[in-house]
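Trainee: Turn this into a structure:
(2 chains)
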Amino acid sequence: MNEPNDSSTPKHFIQAIIEEDLASGKHERIVTRFPPEPNGYLHIGHAKSICLNFGMAAQYGGTCNLRFDDTNPIKEEQEYVDSIKEDIRWLGFDWEDREFYASDYFETLYEYAVRLIEKGKAYVDDLSADEIREHRGTLTEPGRESPYRDRPVEESLDLFRRMRAGEFADGSRVLRAKIDMASGNLNLRDPVLYRILRAHHHRTGDDWCIYPMYDMAHGQSDSIERITHSLCTLEFEDHRPLYDWLVEEIGIYPPRQIEFARLNLSHTIMSKRKLLELVNDGLVDGWDDPRMPTLSGMRRRGFTARSIRRFCDGISVAKANSTVDIQLLEHYVREDLNKIAPRVMGVLRPLRVVIENYPEGQVEELDAINNPENPDAGSRKVPFSRVLYVDRNDFHEDPPKKYFRLAPGREVRLRYGYFITCVDFVKNDAGEVVELRCTYDPETRGGSAPDGRRVRGTIHWVSAEHALAAEVRLYDHLFSVADPGVVEGGADFKSHLNPDSRTVLAGCRVEPSLAEARAGDCVQFERVGYFCVDSKDSTPQDPVFNRVVSLRDTWAKIQKKQAG
RNA sequence: UGGGGCGUCGCCAAGUGGUUAAGGCACCGGACUUUGGAUCCGGCAUUCGGAGGUUCGAAUCCUCCCGCCCCAGCCA
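Mentor: Next up, the predicted model:
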């Protein structure tokens, strides 16, 4: 799936490369792959890669494989592969029958390693991990060759076979490529290709006690799958010479690795390690907490797959490290939800309103448009009666300048209802306004005055006796600073956690039509924001709504300006 | 002091020797409005990290300088 080619999105450098390769005849069809390691949940940063890889395949009539990079059994689990598949499907992409695992290639990879040893391009090293590190040298000093580097091919072959057979202890030996211990690129200083590791693998079980390293597995898996363009992030740029070297020395099909900048988003973090820390420390309610930048969290929050896809298109792909303003993401959800979310009325902080001249016991069913952006969405009936709730912040005892809503003596329009005028208000002992006394103009049913009289303010409301009680969870940025990664002194990123990232409102009142709402449904509470029925905690009896994003709020801006 | 990358508006990002230096977000005006939403109009880089140079002409080519990111896992 990908969006109709938006002319406002210019071609990026990867598209340029692919088009050249197609035009020159280097490739007839392109093949890409999305290669997650099943050691955590997918986040919005992965979405960029997913959209890129599947997007290129779709745009140029090729295919994109899903391949799990599962070469480290210590960190990988089936739970993660399941969640990854679910997230990719939800995002709207289909790998059909092309679901692969690096572990499927273990036997072939082993043969490739043997081939390298036979060519004298790899050797078994008996050095310990510490010794290997000591021999590696530093950024500015060359490394030293291992004393085992030039041992006979036959000896390495024998040792490697016995490594596989389980004759040696974990960590006692490794297979290394024989390249150049003096290279300025540390990846070329005889990189480790295989290590001994007795760990249960989620797919191969206990079949293997040696596992290939990333460099020995990734490019070779790409080659086996005939990947034409292997797209990865910038930190692998230094690995490209090794990627090319291995494919060349083994003598197999050479895919082309192309690196692009990973996504960074302001006010959040993308590091799996840090995300896991938030989960483990109980600072969020799990991987799918609606504040998390994980796809499962965003899905639960109410982000649409389409808005994420559009976002990924919008930010484009380049090689410069960058941090995208989270407001751009919010823009794309608003854009999408504006078109598809049914409008309803919900009162978050209820303030009781009695319409004094409205007949006791009378109920009217008023027509309300479901979505002004989409006539096909039709309309619904909303009950109106003598006692209503409006939002507390739609009343001001002493209204500030430019405030168009309710205040003593002020007339406003109730959305799809009547014009009402506040004639009095009631306070409790604590001095809080607890009730408004209003009158209505029977001539203004539906919201317009026959005499042409205009009101500046329109507010939302619900009928007290008909409204449903609900819990509403307001979410804000997870971190209060744009770049939580930057911390002073001994502080750590968690010190930037936004204490107001979640505000739970109980006792909210929403219109009765919401009785039909089901988990995952998104609506717009008019004048407030977009909300999604929580998929975990919501029940028909006790509905729970998550705020996806607020509506743009001009009044808030005016207030800010007035304040200072 | 090694190697690999990157620097164009507050944030993304086009641009590949001749364009008035795209577009989006944000921001600022205004119109419209039964959501202070949406929509619509208008504004928003004499300048491309800096300095030299080549050229009739440079963000694009050359030289030097500056800044930022990545690499010393038997992680990926």
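Trainee: Lowest mean pLDDT among the helices and strands of chain A, which one is it?
Mentor: The weakest-scoring helix or strand in chain A, judged by mean pLDDT, DSSP states H and E, is helix A:554-563 (a mean of 91).
Trainee: Residue numbers of the stretch 1-150 of chain A in contact with RNA strand B?
Mentor: Within the stretch 1-150 of chain A, the positions near RNA strand B by Cβ under 7 Å from any atom of the strand are A:8, A:10-13, A:16, A:35, A:37, A:69, A:71-72, A:75, A:127-129, A:132-133, A:136, A:138-140. Any C-beta I mention is one placed from the backbone N, CA and C, and that applies to glycine too.
Trainee: Run through the stretch 451-564 of chain A and note the low-pLDDT ranges.
Mentor: Low-confidence segments of the stretch 451-564 of chain A, defined by pLDDT under 70: A:489-490, A:564.
Trainee: circling back: how far off centre is the least confident helix or strand of chain A?
Mentor: The chain centroid and the centroid of helix A:554-563 are separated by 31 Å under Cα atoms, centre = their mean, to the nearest Å.
Trainee: Kindly report the same for stretch A:274-294.
Mentor: How far stretch A:274-294 lies from its chain's middle: 12 Å, per Cα atoms, centre = their mean.
Trainee: Over to stretch A:458-467?
Mentor: Its chain's C-alpha centre and that of stretch A:458-467 lie 35 Å apart, by Cα atoms, centre = their mean.
Trainee: Straight-line length of it, end to end?
Mentor: Start and end residues of stretch A:458-467 are separated by 19 Å (Cα to Cα, to the nearest Å).
Trainee: what residues does the stretch 301-450 of chain A put near RNA strand B?
Mentor: With Cβ under 7 Å from any atom of the strand as the criterion, the stretch 301-450 of chain A meets RNA strand B at residues A:314-325, A:327-328, A:331, A:334-335, A:338, A:343, A:371-373, A:402-405, A:413, A:415-416, A:446-448.
Trainee: Filter these down to the ones in strands?
Mentor: Per DSSP state E, strands hold the following members of these: A:Thr323, A:Val324, A:Arg343, A:Arg413.
Trainee: which of those residues count as buried?
Mentor: By neighbour count, with 16 or more other Cβ atoms under 10 Å, these hold A:Val324, A:Arg343, A:Arg413 as buried.
Trainee: mind listing what the first one touches?
Mentor: The reference is to A:Val324. Counting by Cβ atoms under 8 Å, 6 or more residues apart in numbering, A:Val324 touches A:Leu263, A:Asn264, A:Leu265, A:Ser266, A:Ile315.
Trainee: Okay, now the unreliable bits of the stretch 151-300 of chain A?
Mentor: Along the stretch 151-300 of chain A, the model assigns pLDDT under 70 to no residue.
Trainee: Name the residues of it found near RNA strand B, please.
Mentor: Contact residues, the stretch 151-300 of chain A versus RNA strand B (Cβ under 7 Å from any atom of the strand): A:170-174, A:184-187, A:191-192, A:195-197, A:211, A:213-214, A:217-218, A:234-239, A:261, A:266.
Trainee: Dihedrals phi and psi, A:Glu364?
Mentor: phi -120, psi 150 (degrees, to the nearest 10).
Trainee: Give me the neighbour count for the nearest residue to it once chain neighbours are set aside.
Mentor: Excluding the flanking residues, the one nearest A:Glu364 by Cβ to Cβ, 6 or more residues apart in numbering is A:Phe384, at 4.7 Å. For A:Phe384, the neighbour count with other Cβ atoms under 10 Å is 23.
Trainee: can you pull the contacts of A:Phe384?
Mentor: Counting by Cβ under 8 Å, 6+ apart, A:Phe384 has contacts A:Val363, A:Glu364, A:Glu365, A:Leu366, A:Leu414, A:Gly417, A:Tyr418, A:Ser463.
Trainee: would you put the C-alpha positions of the least confident helix or strand of chain A in CSV?
Mentor: Taking C-alpha atoms only, helix A:554-563 is exported to CSV below (Å, rounded to 0.1, in the frame of the first residue of the first chain):
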residue,chain,number,x,y,z
THR,A,554,-6.9,29.8,18.5
TRP,A,555,-8.3,30.9,21.8
ALA,A,556,-5.4,29.3,23.6
LYS,A,557,-3.1,31.4,21.4
ILE,A,558,-5.0,34.6,22.1
GLN,A,559,-4.9,33.9,25.8
LYS,A,560,-1.1,33.3,25.6
LYS,A,561,-0.7,36.5,23.8
GLN,A,562,-2.8,38.4,26.4
ALA,A,563,-0.9,36.8,29.2
